[in-house]
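# What shape does this take:
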Amino acid sequence: MNTRIPSSFAPLLKTVLSALVFACGCASGQVLGGNRQATSSDYVDKLPAEKKSAMVVITGDKGSGTGFFAKLKDNVFLVTNMHVISGQTSIKARAMDGTDVQIAGIFGAHDADIALLKLTTTPTSYFETEESVNTAHKTGDVILIPGNSLGGGTILQTEGKIVGVGPAKIEHDAPTFHGNSGSPILSTRSWKVLGVDTESITVSLSDKSDSASARKSGSQIKSTVRLFGYRLDNVAQWEAIEWARFAQQSKRLEDADALVTAIHAVLNRDASKWKKHPSTNAAMTGLGELINKPRVSPAEITAKVETIVLNFRNALKKVEMDALDSKRTCYGYISLRYQDLGDYARALREFIDADKIR
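Here you go, the predicted model:
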């Protein structure tokens, strides 16, 4: 492992010391604007009555999401996102009639955020899946997404349209929230599943040409947030998931993600976040204590900052190496997330190495 200390620590010193100053800043809050009284016309209820029983609420000790019964290749599964079950010590799936769904096994898509939970009994109500999304549907087709919006434990239905279709994903504009992860993206024409609602991406228009294009009337980027789901029809490989091994890998990934996020918080001078992680909190608290000692020299402070930055850099490099190793040792979904985390860690490390911190 490369342990080179960057040549100039003046910018790093300024950043790390500034992080301590920001830790003493005042907290601020937001007050939500008043909501008007909703009327019956505001609510969507278009899912056929016989299909409502195909919806499932999933809860765990670290979060909640949505699931649904769907038929794939002659078998009915409980479908959700891998990230809905990842990191959970245990999960509970409850059907619309209030009964607990009995799960006999788990399969995960090797290259997508989709989980198939094997059932002990076949439910009477389930969705069919679209065999070829890109040929059966087009941009502008109306879709419905029922789900456990904001984890409230009730199934809310939101309507929208298909924005675009890719080889692995489907983009839509139906309003969705935390808790909608694992919801079915349904065609309102056939009530078949087109995909599994998965993620939102905030659009960056910092590039001048992108910003100019977005302002044009013909732009297909209509919002600052883009919404995506994974297609079910194009999953090439499913792998059986052994829960104990998956939980172990998930924990390791979550720990690495928390550390990288905390280091970024230090570089970004966000004390509210770096204080939450024991490693960054200990490093920054120790630095603060040193600065407050009587007759401490600038050289001592500089040496302490150099040590902290070097430790952060090496921690980021380890995450990069673990991400590479995950391709060989981890389940497909874990490896996919590790690749993103490795890229994130590398960007922060290169930022440190280039002394670009201000």
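# from here on, contacts and neighbour counts on C-alpha atoms
OK.
# can you map out the helices along the stretch 1-150 of the chain?
10-22, 49-52, 82-85, 133-136 (DSSP state H, counting those that start in this stretch).
# Mean pLDDT lowest where, among these?
Between the helices of the stretch 1-150 of the chain, the lowest average pLDDT goes to helix 10-22, which shows a mean of 51.
# Strands of the stretch 101-250 of the chain, residue ranges please.
Using DSSP state E, counting those that start in this stretch, the strands assigned to the stretch 101-250 of the chain run over residues 103-109, 115-119, 127-128, 142-147, 156-165, 169-172, 184-187, 193-202, 225-231, 238-241.
# what mean pLDDT does the second one have?
Read it as strand 115-119. On average, strand 115-119 scores 97.
# can you list contacts of it?
76-82, 101-109 (C-alpha atoms under 8 Å, 6 or more residues apart in numbering).
# can you give me how far that strand is from the chain middle?
Using C-alpha atoms, centre = their mean, to the nearest Å, the mean C-alpha position of strand 115-119 is found 21 Å from that of the whole chain.
# still on that earlier bit, just say which of the strands of the stretch 101-250 of the chain is most tucked in.
Of all the strands of the stretch 101-250 of the chain, strand 184-187 carries the top mean neighbour count, a mean of 28, counting by mean count of other C-alpha atoms under 10 Å.
# Which strands or helices does it pack on?
Using 3 or more C-alpha pairs under 8 Å, 6 or more residues apart in numbering; DSSP states H and E as the contact criterion, the secondary-structure elements in contact with strand 184-187 are strand 142-147, strand 193-202.
# could you give the angle of the longest one to strand 142-147?
Spelled out, that is strand 193-202. 80 degrees (axes from the mean of the first three to the mean of the last three C-alpha atoms, to 10 degrees).
# Just the CA atoms of strand 193-202, as CSV, please.
Extracted as CSV, the C-alpha positions of strand 193-202 are listed here (Å, rounded to 0.1, in the frame of the first residue of the first chain):
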residue,chain,number,x,y,z
VAL,A,193,-44.7,-5.4,-14.3
LEU,A,194,-42.2,-3.5,-16.4
GLY,A,195,-39.6,-3.0,-13.7
VAL,A,196,-38.8,-2.6,-10.0
ASP,A,197,-38.6,1.0,-8.7
THR,A,198,-35.1,1.5,-7.4
GLU,A,199,-33.4,4.9,-7.3
SER,A,200,-33.4,8.6,-7.9
ILE,A,201,-30.5,10.6,-9.2
THR,A,202,-30.1,14.3,-8.7
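# picking up where we left off before, same list, the helices and strands packed on strand 184-187, but as JSON lines with distance to residue 56 and mean pLDDT please.
JSON lines is the format used below for the helices and strands packed on strand 184-187 (distance: least, C-alpha to C-alpha, whole Å; pLDDT from 0 to 100):
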{"stretch": "strand 142-147", "distance to residue 56": "8", "mean pLDDT": "97"}
{"stretch": "strand 193-202", "distance to residue 56": "13", "mean pLDDT": "94"}
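# And these: which comes nearest residue 350?
Among the helices and strands packed on strand 184-187, strand 193-202 comes nearest to residue 350, with 23.6 Å by C-alpha to C-alpha.
# So what touches the closest one?
Here strand 193-202 makes contact (C-alpha under 8 Å, 6+ apart) with 70, 80-81, 113-114, 127-130, 133, 145, 169-170, 180-187, 224-233.
# likewise stretch 69-85?
In this structure, residues lying in contact with stretch 69-85 by C-alpha under 8 Å, 6+ apart are 54-56, 60, 63-68, 91, 108, 113-119, 122-123, 125-129, 181-183, 193, 196, 198, 333.
# Quick one: end-to-end length of it, please.
16 Å (C-alpha to C-alpha, to the nearest Å).
# Okay, buried residues for that stretch please.
For stretch 69-85, a neighbour-count test (16 or more other C-alpha atoms under 10 Å) marks 69-72, 76-85 as buried.
# Between those residues, which sits nearest residue 164?
For the buried residues of stretch 69-85, the closest approach to residue 164 (C-alpha to C-alpha) belongs to residue 81, at 20.3 Å.
# Per-residue pLDDT of the closest one, please?
The predicted structure scores residue 81 at 97 on the pLDDT scale.
# What backbone torsions are found at it?
With angles defined as degrees, to the nearest 10, residue 81 sits at phi -90, psi 150.
# which stretches of this structure have low pLDDT?
Counting by pLDDT under 70, the chain has low-confidence residues at 1-41, 356-358.
# for it, which helix is longest?
Under DSSP state H, the helix in the chain containing the largest number of residues is helix 298-329.
# For residue 299, the count of nearby residues, please.
The burial metric for residue 299, expressed as a neighbour count using other C-alpha atoms under 10 Å, is 9.
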